[in-house]
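Mind folding the following:
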Amino acid sequence: MRRFSAAILLFAFSTLMYAQNQRFVYEYSFKLDSLNRASTDKEVMLLDIKKNGSEFYSAGKMVYDSLVNGQFSNAGRSSNVSITLPTKNFKVSTSITKSYPSFETILHTQVSSKKYAIKENRKMEWTILPEHSEIGGMKVQKAQTHYGGRKWIAWFTTEIQLPDGPYRFAGLPGLILSVEDDKSDHQFKFIESKKLAGEPQRSQLDNNEIIITRPQFNKLWKEYVNDPAKDIRQMLSQEDAQFKMMDKNGKELSHSEIIRKKELSAKNALQKTNNFIELDLYKP
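Numbering: from 1, shown residues only. Okay, the predicted model is just below:
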């Protein structure tokens, strides 16, 4: 075994000209309920390589966002506005952007109605192991690291000398094709790669995002778990609040009923969503 530090990966950037405008497709398998590990969800994820960094996000969310943006764009050109939101065919709404060559990562996420960007400069410390295998016709080597409160096993290939990979994972002397935690709760597996005609245009930048640190996010997450209806309670307390909600029979709910409904819905969701990929980020 040998230690490998991301700080000595500068040589790999000679291959970025080749890797630019490349899309790597992964299958993400995850178990969000720690009390029901028999239930596994799957999502197709995309890793887009650009000149100055990469973006990792759900393919289903990309399609959904494109349809929604198209509807709003069409509505803006018409005096008769009618918008029907498409069905959400994705389960992963978070995404990751990385900057080259620093490999600063940003986790784009949301809690209640607010969007957050969690920046991180922390480098992953990998131990490269002697085992070799093959994935997708490419030779791969095994490596391991600890991150986010989990132990991770990865397989990377030097046939693509790009020190990147799915989610926040990066810092090996080749593209990470497979990575999973030692309990197999979260797994990323390479499916295929595609050469794009031009630079991917999808951007994660959002002017409404609040840039925060990991400790700050963990603090607000604890506050949300303790009071998931805080945002809607504050909104309804405003004198000019015009928010209305109907029950299934068409009866308008009072503000207190809306708050109670939000509390019950959030708490039921939290009971089944407790096995996050970064355990220490969402620790109670």
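
Strands of the stretch 51-200 of the chain, start to end?
Taking DSSP state E, counting those that start in this stretch as the test, the strands found in the stretch 51-200 of the chain are 53-58, 95-99, 105-111, 114-120, 125-135, 138-147, 150-157, 175-181, 186-195.

Going by neighbour count, list what's buried in the first one.
The neighbour-count check on strand 53-58 (16 or more other Cβ atoms under 10 Å) flags 53, 54, 55, 56, 57, 58 as buried. Glycine gets a C-beta too; all of them are placed from N, C-alpha and C.

hmm, back to that, ok, which of the strands of the stretch 51-200 of the chain comes nearest residue 284?
Nearest to residue 284 among the strands of the stretch 51-200 of the chain is strand 105-111 (14.4 Å), distances taken as Cβ to Cβ.

The closest one pairs with which strands?
Take DSSP bridges as the rule and strand 105-111 pairs in its sheet with strand 95-99 (antiparallel), strand 114-120 (antiparallel).

mind putting those in TSV, mean pLDDT and mean neighbour count included?
Output for those, formatted as TSV (pLDDT from 0 to 100; neighbours: other Cβ atoms under 10 Å):
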stretch	mean pLDDT	mean neighbour count
strand 95-99	95	20
strand 114-120	93	16
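
List just the one of those that sits closest to residue 200.
That would be strand 95-99 among the strands paired with strand 105-111, by Cβ to Cβ, at 11.4 Å.

what's the spacing between the closest one and its chain's center?
Counting by Cα atoms, centre = their mean, to the nearest Å, strand 95-99 is centred 9 Å from the centre of its parent chain.

Could you find the closest non-adjacent residue to residue 182?
Leaving aside its chain neighbours, residue 182 sits nearest to residue 151 (4.5 Å; criterion: Cβ to Cβ, 6 or more residues apart in numbering).

any idea how far that neighbour lies from residue 129?
Counting by Cβ to Cβ, to the nearest Å, the gap from residue 151 to residue 129 is 13 Å.
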